[in-house]
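Engineer: Sequence and computational prediction follow.
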Amino acid sequence: QVRLVESGGGLVQPGGSLRLSCEAVGLIFRHYVMTWYRQGPGQYREEVASIDEYGEYPKIENSRKGRFTISRENAQNLVYLEMNSLEAQDSGVYYCHARRYGPSGAARDEYWGQGTTVSVSS
């Protein structure tokens with residue numbers, strides 16, 4: 001059974017930092033593109049950061065460039081989201097997502113974690 005287990009969320013003051021972790025269980029981790037999404041109250045889920053299967057091409061959503069970093073450790077089945085200089089609008093539930101692509105480039109399967117809550121408030 002595939003599971004993505006997020007951790008590291010919590011309450012932090014504006015300007016503070018958090019590191020989110022996501023452990024993947026039950027899949028061949030190095031075959032999956034990993035993405036972090038954020039969903040604020042009453043908002044759609046938005047992509048925050050993604051990283052390719054080998055960890056060579058991290059991508060950060062524009063408004064978070066310079067503040068957020070995504071990385072992965074394939075040997076440990078872990079992906080991280082380092083968040084610095086946090087702002088109130090960064091608050092929300094952060095979800096870990098895994099997607100595998102086939103040779104044609106079409107998605108073969110994907111999985112979601114349960115989410116971890118980040119609250120940025122003074």
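Structural biologist: Thanks, I have it.
Engineer: State the distance from residue 91 to residue 82.
Structural biologist: 17 Å (Cβ to Cβ, to the nearest Å). C-beta here means a position set from N, CA and C on the backbone, and glycine is covered the same way.
Engineer: These two: which has the busier surroundings?
Structural biologist: When neighbours are counted by other Cβ atoms under 10 Å, residue 91 and residue 82 differ, and residue 91 comes out ahead with 18 against 15.
Engineer: So what pairs up with the spatially most central residue of the chain in the strands?
Structural biologist: Note on the chain: the residue nearest the mean C-alpha position is residue 36, at 2.3 Å, using Cα atoms, centre = their mean. Beta bridges link residue 36 to residue 49, residue 96, judged by DSSP bridges.
Engineer: who touches it in this structure?
Structural biologist: By Cβ atoms under 8 Å, 6 or more residues apart in numbering, the residues touching residue 36 are 20, 22, 47-50, 70, 79, 81, 94-97.
Engineer: ok, now residue 16?
Structural biologist: Shown in contact with residue 16 (Cβ under 8 Å, 6+ apart): 86, 120.
Engineer: do residue 69 as well
Structural biologist: By Cβ under 8 Å, 6+ apart, the residues touching residue 69 are 49, 58, 60, 80-82, 84.
Engineer: same thing but 10 Å
Structural biologist: Taking Cβ atoms under 10 Å, 6 or more residues apart in numbering, we find residue 69 in contact with 19, 49, 51, 58, 60, 80-84.
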